[in-house]
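1. structure, please.
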Amino acid sequence: MARVLIVVTSHRQLGSSRLPTGVGLQTFAAPYYVLTEAGVEVAVASVQGGEPPIDPLSFGEGVETVALERLTHDTMAMAMFRDPRPLSTLSADEYDGLFFAGGHGGMWDLPDNPTVATLIAAALDAGTPVAAVCHGVAALCGRHPRTGHPLVQGRKVTALTTQEEVELGREGLVPFLLEERLVELGAVFDEAPVFTSHVVTDGSLITGQNMRSADHASRSLLAALAA
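-> Residues are numbered from 1 along each chain as shown. Sure thing, here's the model as predicted:
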């Protein structure tokens, strides 16, 4: 049985503001159900361990999904979400795939995190598929621990676009604009119209543009596991 680790943020506040943030719950719900229903064993980790915060932008008209609705009534799945292991206690060779969930919180504790970068570098070096969606793509903003090169250098990726961040009204609250940072690090950035589902696959790396891309990215990861 294949094993996949879903990684979520532990960060709960938008910078110096008092506004709450955390995990985009849709971007956890989609891989959880796509993978488990295909017989994949799922584990959950957060950057610090312990119950992760939920981004309020997970809820509201036009953003709630069937998977999210199902998750909020699924006692077993929510228990798993609320009790993730600390990422520092895990290694890439324990899993057949990685999935980095979204949510604004990831803009603080995923990039430039040596534990995150080491995990991703080990997976990519081994050809293990790595998927990330929305702000979860911030996990790719680190550097390879051995070569020092950006993890995204020369790779085709997508993520939440600058225009989408502006439309969410968070451009002045995040520490950097994800699209711009990825380009600065040498990524080839690809995007679709705002808030449409869009996934880019480059070898074993799978990235989704926004929360609406979570289902597509999850199915792309499932296909990579089958291959």
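
2. where exactly do the helices run in the protein?
-> Using DSSP state H, the helices of the chain run over 26-36, 66-72, 75-82, 106-109, 114-125, 162-168, 178-184, 214-226.

3. neighbouring contacts of stretch 136-155?
-> Stretch 136-155 is contacted by residues 7, 27, 99-103, 106-107, 110-114, 116-118, 120-121, 124, 132, 157-160, 178, 181-182, 185-188, 202-203, 205, 207-208 when judged by C-beta atoms under 8 Å, 6 or more residues apart in numbering. For every residue, glycine as well, the C-beta is placed using N, CA and C.

4. with residue 189 as the reference, measure out to the nearest residue to residue 200 once chain neighbours are set aside.
-> Among residues not flanking residue 200 along the chain, residue 158 sits closest, at 4.5 Å (C-beta to C-beta, 6 or more residues apart in numbering). Using C-beta to C-beta, to the nearest Å, residue 158 is found at 7 Å from residue 189.

5. kindly report the same for residue 180.
-> Distance, residue 180 to residue 189, using C-beta to C-beta: 9 Å.

6. more neighbours: those two, which one.
-> residue 189 (19 against 13; other C-beta atoms under 10 Å).

7. lowest average confidence, helix or strand, in this structure?
-> None of the helices or strands of the chain scores lower by mean pLDDT, DSSP states H and E than helix 66-72, at a mean of 93.

8. skipping adjacent residues, who's closest to residue 215 in space?
-> residue 30 is the one closest to residue 215 (C-beta to C-beta, 6+ apart), at 4.5 Å.

9. from residue 122, how far out is the one you found?
-> Distance from residue 30 to residue 122, by C-beta to C-beta: 25 Å.

10. who has more neighbours out of those two?
-> The residue with more neighbours, out of residue 30 and residue 122, is residue 30; 29 against 18, by other C-beta under 10 Å.

11. can you name the residues that contact that one?
-> Applying C-beta under 8 Å, 6+ apart to residue 30 gives the contacts 65, 67, 214-215, 217-218.

12. from those, which single one is nearest residue 89?
-> Of all the contacts of residue 30, residue 89 sits closest to residue 218, with 24.4 Å by C-beta to C-beta.

13. re the thing from before, show the buried residues in the contacts of stretch 136-155.
-> The neighbour-count criterion (16 or more other C-beta atoms under 10 Å) marks 7, 27, 99-103, 106-107, 110-111, 113, 116-118, 120-121, 124, 132, 157-160, 178, 181-182, 185, 187, 202, 205, 207-208 among the contacts of stretch 136-155 as buried.
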